[in-house]
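> sequence? don't have it. structure:
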């Protein structure tokens, strides 16, 4: 969920990754994530892999 209470969808998350990629071109990016479903679809993972962005997922029960 976003700060406004809207639910995030994979396309919005991919948009954020694109903004980060433009902000730091030519560098490998590491993005640390929880296991929220919009972070995990194959389209997001494929885009990240093709654009030198590594998605690092926290363990499911890692906050306890």
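Perfect, I can see it now. From a predicted model like this one, the values you see are computed outputs, not experimental measurements. Numbers count the residues shown, from 1 in each chain.

> Now do the contacts for the residue nearest in space to the middle of the chain.
For the chain, the residue sitting closest to the mean C-alpha position, by Cα atoms, centre = their mean, is residue 39 at 5.1 Å. Going by Cβ atoms under 8 Å, 6 or more residues apart in numbering, residue 39 touches 13, 33, 55, 57. Bear in mind the C-beta positions are built from the backbone N, C-alpha and C, glycine included.

> Then residue 10?
38, 41, 43-44 are the contacts of residue 10 under Cβ under 8 Å, 6+ apart.

> State the pair within the residues you listed that is farthest apart.
Pairwise distances across the contacts of residue 10 peak at 10.4 Å for 38 and 43 (criterion: Cβ to Cβ).

> okay, these two: which has more neighbours?
More crowded of residue 38 and residue 43, by other Cβ atoms under 10 Å: residue 38, with 15 against 10.

> Okay, helices next: where are they in the protein?
Here the chain has its helices, by DSSP state H, at 10-23, 42-50.

> any low-confidence regions in this structure?
Low-confidence segments of the chain (pLDDT under 70): 1-8, 62-64.

> Would you mind measuring from residue 21 to residue 50?
10 Å (Cβ to Cβ, to the nearest Å).

> Which one's more surrounded, those two?
residue 21 (17 against 8).

> Isn't that one up against residue 51?
Yes: if you go by Cβ atoms under 8 Å, residue 21 and residue 51 touch, sitting 5.4 Å apart.

> List the contacts of residue 45.
Going by Cβ under 8 Å, 6+ apart, the list of residues near residue 45 reads residue 55.

> still on that earlier bit, export the helices of the chain to TSV and append columns for distance to residue 29.
Listed next are those as TSV, based on distance: least, Cβ to Cβ, whole Å:
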stretch	distance to residue 29
helix 10-23	6
helix 42-50	9
